[in-house]
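Novice: A structural model of the following input is requested.
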Amino acid sequence: MLEVGIETLLLLMAAGFVAGFIDAVAGGGGLITVPVLLLAGANPVTALATNKIQGLFGAATAARAYAKGGHVNLREQAGSAFIAFVASIFGALLITVLPTGWIRLILPVLLIGIALFFAFKKGLGDQDRARRLSPALFAMTMVPLCGAYDGLLGPGAGSFYMLAFVSLAGYGILKATAHTKLLNLASNAGALCAFALVATPWWITGLCMGVAQIAGAQTGATLAQTKGAVLIKPLLVLTSLALASKLIWDLL
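Specialist: Numbers count the residues shown, from 1 in each chain. So this is what the prediction gives:
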């Protein structure tokens, strides 16, 4: 049984397509889907849980597209994906016991910092740079941190993954984007497992939005692989600033 009317569902699916496109390129699609779900009548926790359902489809599609393009080896990422999955479960469960107000206060500042980094840092392109952390250390530190945050709150998780891959793993913009998607998929899945225990997601609505996410993510990943950093960097900057603005607006 549908949780919303047909017209509302079509609107949500359109939002899912746009979010899938943005997520596949730069992340931040939740900036579109969560507010639309709230407007459709979902309470905040249901909106977050439903957003995780539909986000799974977009992340999986984008991960597959980038892997087919030769930009990421998904098998080599399996260990990191598992870490992100477990960390996001803990993050989602902690939302019931940890005060998240202070995180919401500093999050806009962090997102603006990310936007400025990608906008003005010289030499950021599709070429790899010097690595600052070994793959094993990266997987044991940055992956669980980003994964736990994705479960705890979620907005901007893709931007944090991207920043870590570019600044610490030394990846170029396109390669970093490609490596972000499987981890996003894993942390979305982990958070959804936790939300399913403490919330009531709109399963049918989320699945329908997921179908639209597939189309949007495939389109976005294809275009990103064609344009590379020329497309990804500006969109990442814009989505980070837009998300920061939305969070500041919510605090006022």
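Novice: for residue 157, grab the count of nearby residues.
Specialist: Neighbourhood size, residue 157 [other Cβ atoms under 10 Å]: 28. Glycine gets a C-beta too; all of them are placed from N, C-alpha and C.
Novice: I'd like the secondary structure assignment at the residue lying closest to it once chain neighbours are set aside, please.
Specialist: Distances taken as Cβ to Cβ, 6 or more residues apart in numbering place residue 150 nearest to residue 157, at 3.8 Å, with adjacent residues excluded. Put simply, residue 150 is helix when judged by DSSP: H, G, I helix; E, B strand; the rest coil.
Novice: and residue 150, how far from residue 8?
Specialist: Residue 150 sits at a distance of 27 Å from residue 8 (criterion: Cβ to Cβ, to the nearest Å).
Novice: kindly report the same for residue 195.
Specialist: Residue 195 is 21 Å from residue 8, by Cβ to Cβ.
Novice: and those two? Which one has more around it.
Specialist: Neighbours around residue 195 and residue 8, counted as other Cβ under 10 Å, are more numerous at residue 195. The numbers are 24 against 17.
Novice: and for residue 62, nearest residue in space, chain neighbours not counted?
Specialist: residue 24 (4.0 Å).
Novice: which residues does the one you found contact?
Specialist: Residue 24 makes contacts with 58, 61, 62, 65, 181, 216, 217, 218, 219, 220, 221, 224, as judged by Cβ atoms under 8 Å, 6 or more residues apart in numbering.
Novice: likewise residue 112?
Specialist: 240, 241, 244.
Novice: apply 7 Å and report the result again.
Specialist: 241, 244 (Cβ atoms under 7 Å, 6 or more residues apart in numbering).
Novice: repeat for the one 5 residues further on
Specialist: With contacts defined as Cβ under 7 Å, 6+ apart, the neighbours of residue 117 are residue 163.
Novice: now name the helix or strand holding it.
Specialist: Here residue 117, judged by DSSP states H and E, is contained in helix 101-120.
Novice: point out where this protein drops to low pLDDT.
Specialist: Low-confidence segments of the chain (pLDDT under 70): 96, 98-104, 123-124.
Novice: tell me which element residue 178 is part of?
Specialist: helix 173-198.
Novice: so after that helix, what's the next helix or strand?
Specialist: helix 203-227.
Novice: which other helices and strands contact that next one?
Specialist: Secondary-structure packing of helix 203-227 (3 or more Cβ pairs under 7 Å, 6 or more residues apart in numbering; DSSP states H and E): helix 6-25, helix 44-68, helix 173-198, helix 229-251.
Novice: identify the residue spatially nearest to the residue most central in space within the chain, adjacent ones excluded.
Specialist: Nearest residue to the geometric centre of the chain (Cα atoms, centre = their mean): residue 158, 3.9 Å. Spatial nearest neighbour of residue 158, chain neighbours left out: residue 27 (2.2 Å); criterion: Cβ to Cβ, 6+ apart.
Novice: give me the neighbour count for that neighbour.
Specialist: 29.
Novice: assess the claim that residue 177 and residue 224 are in contact.
Specialist: Yes - counting by Cβ atoms under 7 Å, residue 224 is a contact partner of residue 177 at 6.3 Å.
Novice: anything in contact with each of those two?
Specialist: residue 232.
Novice: okay, those two: which has more neighbours?
Specialist: residue 177 (33 against 27).
Novice: how close does that one sit to residue 106?
Specialist: 25 Å.
Novice: do the same with residue 137
Specialist: Residue 137 is 25 Å from residue 106, by Cβ to Cβ.
Novice: one more: residue 5?
Specialist: Taking Cβ to Cβ as the measure, residue 5 falls 39 Å from residue 106.
Novice: please apply the same query to residue 201.
Specialist: 28 Å.
Novice: again with residue 97
Specialist: 19 Å.
Novice: also residue 95?
Specialist: For residue 95 relative to residue 106 (Cβ to Cβ), the value is 17 Å.
Novice: what do you get for residue 207?
Specialist: Distance from residue 207 to residue 106, by Cβ to Cβ: 35 Å.
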